[in-house]
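Student: let me see the structure of the following:
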Amino acid sequence: MRNWASRRLLGGAALAAALAAVAIPALGQDQAPESLLPPGFGDVPVAQPTPPPPGQPAPQPGATPPAPGAELPLTAEDQQATGEEELPADETETAEADPYDLPEAARRDPDLVGVLTPANGGYGADEWGNVDGRFASALMRDIKAPIASRWAQILLRRVLLTRAPTPAGVDGADWVAERAWLLLRMGEADPARLLVAGVDVDRFSPKMFDIAQQTALATADPAAMCPLTDHVPASADQTSWDLVRAMCAALSGDNGTAGAIIDAARHRSRARGIDLLLAEKVVGAGGGRRAINIEWTGVDNLTAWRFGLANAVNVPIPAALFDTVGPHVEAWQYRAPMISTEDRLVPASWAASLGVLSNAAYVDLIGRAYDEADPDTIEETPGFRLRNAYSADDPAERVEALRTLWSEPKTDMEKYARLVLTARAAARIAPSEDYADDARNLIAAMLTAGLDDPASKWGAVADQLDDGDDGWALLAVGAPGRAVTISARRAGAYVGEQDEGSRKGAFLVAALAGLGRISAEDAQSLATEHKLPLGLQNSWTRAIDRAAAENETGTVALIAAAGMQTLSWKAVHPAYLMHIVSALRRVGREPEARMIAAEAITRA
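Tutor: Presented below is the predicted three-dimensional model:
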């Protein structure tokens with residue numbers, strides 16, 4: 001299994017200078033992946049961003065720096081779209097017809113883009129409150145995604161997809177681009193595509209063109225760039241867009257134009273190597289007669305260009321190249337349209353653990369793999385065991401199948417993904433003291449999918465568990481009501497039973513305090529007695545508390561993500577969890593707060 005080593009950042013995530021430059025201290029963070037831009041285009045090294053020291057202002061958002069992590073740097077200036085200029089009165093008669101001269105009813109407002117509402121899983125139209133758009137945009141750019149928490153990612157995805165007015169101070173198209181760009185870095189390629197598709201092409205800003213190209217590559221769909229080719233601004237990377245024009249010409253049957261563009265690019269040495277060959281491969285797939293053989297020899301990094309075009313024409317990407325990028329690319333790979341079910345299984349584990357893949361979708365994938373498995377080895381597949389976990393007649397057999405599924409993985413990521421996979425199978429197990437030893441995993445699995453009511457039914461069993469058992473702690477923070485007995489004494493006993501260096505005890509007390517399930521006095525007493533670091537106050541804690549006071553759900557979600565810029569919960573500060581849980585509860589998002597708290601205990 002691929003190793004994603006966690007390293008600690010030296011800097012912080014700076015917020016907008018125009019709003020007093022609130023600095024967000026960074027947590028443990030994976031090394032930034034290699035650039036995903038085609039390195040052959042211009043041969044200019046991509047500058048890596050240097051975070052400002054804590055407390056110093058960020059650059060003014062008038063110009064867009066490379067995006068956080070620098071894996072897909074924006075190449076255009078952070079400028080507002082100029083839009084269509086109004087023609088003088090004496091020129092209106094001779095002006096060419098506007099190809100976008102649509103009835104007003106058919107036009108879409110770029111200041112109101114989104115696919116979610118409170119009726120289908122989104123949040124309110126007032127989710128951004130009175131936040132300054134420059135502040136929120138700078139914060140989005142500064143978030144190094146993916147983040148530690150699956151449930152924080154789910155929360156943030158819903159926030160970014162919610163149909164809400166663009167905050168003041170930022171252009172509507174640029175606001176959509178920032179949201180889509182953050183979703184891409186989170187591994188959420190399809191949601192990013194939904195946002196990009198919500199803006200009419202004639203209202204694209206230069207930044208939107210950059211993000212639209214990256215979204216098409218992340219979704220392995222070069223044809224999605226074709227409607228944009230006649231409108232690309234001069235500031236964009238023309239070499240990549242010329243190759244896009246070649247691919248689009250071939251896809252529309254104009255093989256002569258496609259070949260001429262490819263030949264010109266090769267003659268001018270503006271693109272070469274595997275990047276040019278992959279473009280030729282797409283041209284051939286569109287009907288061109290060029291037979292192109294792709295060899296990865298000598299290719300030492302994966303780029304968005306290489307990822308998108310290779311997957312579009314079903315060219316296998318060597319597994320070693322995925323080690324050069326972040327796990328969000330694994331989530332892109334899971335949904336790539338041309339790969340086999342078997343090849344989706346490893347990336348699906350990453351997608352599930354990150355929050356990209358739901359329990360239902362994961363079960364469906366494992367079911368397809370089961371249907372396609374070799375009959376001689378089918379009993380060794382996860383699908384066979386999952387089928388037994390759902391349908392075995394004897395509850396003991398179902399629990400045994402679940403135990404096997406939970407015990408097989410070797411890495412923390414895979415173990416958590418198996419909890420996601422088994423959430424609804426776990427909910428089918430009736431609470432019983434016979435399975436008290438499995439209560440921790442059964443409850444944790446249910447809470448990965450938000451099944452808090454079925455999990456709560458295990459309260460009577462959990463109350464009888466040993467003081468250090470996670471089953472009680474998970475229900476203490478994750479149940480919608482008081483499914484278990486909650487007291488400072490029981491919390492202290494749980495903390496005292498944890499291994500030295502474990503953060504589970506601190507996370508429990510932090511979450512109970514944030515949820516208001518123990519008093520501030522009890523939380524302080526426990527923190528003092530057990531030396532729990534819950535009293536941290538800095539610019540990040542003040543920023544999220546202020547956003548909660550202003551009832552800005554979107555800003556709270558962004559700042560929460562900024563506080564979890566790491567793939568390891570072991571690097572998340574317990575005080576941050578307390579402020580995140582408290583802030584979400586204050587803005588009316590207690591369910592998400594409880595799931596994040598339960599996840600912290602599960603994954604610490």
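Student: pLDDT weak spots in this protein?
Tutor: 1-105, 287-290 (pLDDT under 70).
Student: please enumerate the strands of it.
Tutor: 6-8, 12-14, 23-25, 28-30 (DSSP state E).
Student: count of neighbours near the nearest residue to Ala265 once chain neighbours are set aside?
Tutor: Leaving aside its chain neighbours, Ala265 sits nearest to Ala271 (4.8 Å; criterion: Cβ to Cβ, 6 or more residues apart in numbering). Bear in mind the C-beta positions are built from the backbone N, C-alpha and C, glycine included. Around Ala271 there are 22 other residues, counting by other Cβ atoms under 10 Å.
Student: what do you get for Val170?
Tutor: Val170 is flanked by 21 other residues according to other Cβ under 10 Å.
Student: centroid-nearest residue for the chain?
Tutor: Met186 (2.4 Å; Cα atoms, centre = their mean).
Student: ok, Ala549 touching Ser582?
Tutor: No: Ala549 is beyond contact range of Ser582, at 11.0 Å (criterion: Cβ atoms under 8 Å).
Student: show me which of the two is the more surrounded one.
Tutor: Using other Cβ under 10 Å as the criterion, Ala549 and Ser582 rank with Ser582 on top: 21 against 11.
Student: any idea how far Gly516 is from Val484?
Tutor: Per Cβ to Cβ, to the nearest Å, Gly516 is found 16 Å from Val484.
Student: one more: Leu309?
Tutor: Leu309 is 53 Å from Val484, by Cβ to Cβ.
Student: more neighbours, these two?
Tutor: Leu309 (27 against 24).
Student: the nearest residue to the more buried one once chain neighbours are set aside: what's it in contact with?
Tutor: Closest residue to Leu309 apart from its sequence neighbours, by Cβ to Cβ, 6+ apart: Leu278 at 3.9 Å. Taking Cβ atoms under 8 Å, 6 or more residues apart in numbering, we find Leu278 in contact with Ile294, Trp305, Arg306, Leu309, Ala310, Val313, Val315.
Student: dump these to CSV, plus distance to Asp499.
Tutor: Shown next, in CSV, are the contacts of Leu278 (distance: Cβ to Cβ, whole Å):
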residue, distance to Asp499
Ile294, 49
Trp305, 46
Arg306, 43
Leu309, 48
Ala310, 44
Val313, 50
Val315, 47
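Student: between these, which sits nearest Leu405?
Tutor: Ala310 (32.1 Å; Cβ to Cβ).
Student: that closest one against Ile317, yeah?
Tutor: Yes: assessed by Cβ under 8 Å, Ala310 is found in contact with Ile317 at 5.3 Å.
Student: ok, now how distant is the residue nearest to Leu309 from Thr257?
Tutor: Counting by Cβ to Cβ, the gap from Leu278 to Thr257 is 19 Å.
Student: how about stretch 506-522: buried residues?
Tutor: 506-515, 517-518, 522 (16 or more other Cβ atoms under 10 Å).
Student: so of those residues, which ones are in helices?
Tutor: Using DSSP state H, the members of the buried residues of stretch 506-522 that fall in helices are Ala506, Phe507, Leu508, Val509, Ala510, Ala511, Leu512, Ala513, Gly514, Leu515, Asp522.
Student: next, Gly501: phi, psi?
Tutor: Dihedral angles of Gly501 (phi, psi; degrees, to the nearest 10) stand at phi 90, psi -10.
Student: gap between the residue nearest to Leu309 and Ala575?
Tutor: 47 Å.
Student: same question, Gly459
Tutor: 28 Å.
Student: chain center to stretch 236-243: distance?
Tutor: Relative to the centre of its chain, stretch 236-243 is centred 28 Å away, using Cα atoms, centre = their mean, to the nearest Å.
Student: got it, and stretch 222-230?
Tutor: With Cα atoms, centre = their mean, you get 25 Å for stretch 222-230.
Student: not counting its neighbours along the chain, what's nearest Pro454?
Tutor: Counting by Cβ to Cβ, 6+ apart, the residue nearest Pro454 is Ala427, at 4.1 Å.
Student: please name the residues that touch that neighbour.
Tutor: Met446, Leu451, Pro454, Ala455.
Student: the closest residue to Leu139 other than its chain neighbours: how many residues sit nearby?
Tutor: Spatial nearest neighbour of Leu139, excluding adjacent residues (Cβ to Cβ, 6+ apart): Leu558 at 5.0 Å. Leu558: 28 surrounding residues under other Cβ under 10 Å.
Student: which residue, neighbours along the chain excluded, lies closest to the residue nearest to the centre of the chain?
Tutor: Per Cβ to Cβ, 6+ apart, closest to Met186 is Ala145, 4.5 Å.
Student: from what I can see the one you found touches Trp181, true?
Tutor: No: look at Ala145 against Trp181 with Cβ under 8 Å: they stay out of range, at 9.9 Å.
Student: my guess is Ala449 contacts Arg424. True?
Tutor: Yes: the pair Ala449 / Arg424 is scored as a contact, 6.7 Å apart, by Cβ under 8 Å.
Student: how about stretch 186-200, which residues are buried there?
Tutor: For stretch 186-200, by 16+ other Cβ under 10 Å, it's 186-189, 191-199.
Student: these: which two are farthest apart?
Tutor: Gly187 and Val199 (21.9 Å).
Student: so who does Leu558 touch?
Tutor: Leu558 neighbours (Cβ under 8 Å, 6+ apart): Ala136, Leu139, Met140, Ile143, Leu156, Val159.
Student: and the last one, how far is that from Asp230?
Tutor: Okay, so that is Val159. For Val159 relative to Asp230 (Cβ to Cβ), the value is 34 Å.
Student: those two: which has the busier surroundings?
Tutor: Counted by other Cβ under 10 Å, Val159 and Asp230 do not tie: Val159 has more neighbours, with 25 against 10.
Student: ok, the more buried one touching Ile559?
Tutor: No: counting by Cβ under 8 Å, Val159 sits too far from Ile559 to count as a contact (11.4 Å).
Student: what sits against Gly286?
Tutor: Met247, Ala249, Ala250, Leu251, Ser252, Gly253, Asn255, Ala258.
Student: these, buried ones only, as a ChimeraX selection?
Tutor: Of these, the buried ones can be selected in ChimeraX as follows, counting by 16+ other Cβ under 10 Å:
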select :247,249,250,251,255,258
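Student: keep only those of the contacts of Gly286 that are in helices.
Tutor: Counted as lying in helices by DSSP H, out of the contacts of Gly286, are Met247, Ala249, Ala250, Leu251, Asn255, Ala258.
Student: next, give me the two most distant ones among these.
Tutor: Across those, the longest distance by Cβ to Cβ is 11.3 Å; it joins Met247 and Asn255.
Student: mutual contacts of these two, please.
Tutor: With Cβ under 8 Å, 6+ apart as the test, Met247 and Asn255 both reach Val283, Gly286.
Student: for the stretch 151-300 of the chain, which segments count as helices?
Tutor: 172-185, 189-196, 206-218, 238-251, 255-267, 273-285 (DSSP state H, counting those that start in this stretch).
Student: centre of the chain to the last one, how far?
Tutor: On the basis of Cα atoms, centre = their mean, helix 273-285 sits 29 Å off its chain's mean C-alpha point.
Student: likewise the first one?
Tutor: On the basis of Cα atoms, centre = their mean, helix 172-185 is displaced by 12 Å from the centre of the chain it belongs to.
Student: ditto for the shortest one
Tutor: On the basis of Cα atoms, centre = their mean, helix 189-196 sits 12 Å off its chain's mean C-alpha point.
Student: quick one, that helix and helix 172-185 angle?
Tutor: Here helix 189-196 runs at an angle of 180 degrees relative to helix 172-185 (axes from the mean of the first three to the mean of the last three Cα atoms, to 10 degrees).
Student: other SSEs contacting helix 189-196?
Tutor: helix 150-161, helix 172-185, helix 206-218 (3 or more Cβ pairs under 8 Å, 6 or more residues apart in numbering; DSSP states H and E).
Student: which parts of the last one are buried?
Tutor: To tie it back to what came earlier, the one meant is helix 206-218. 206-218.
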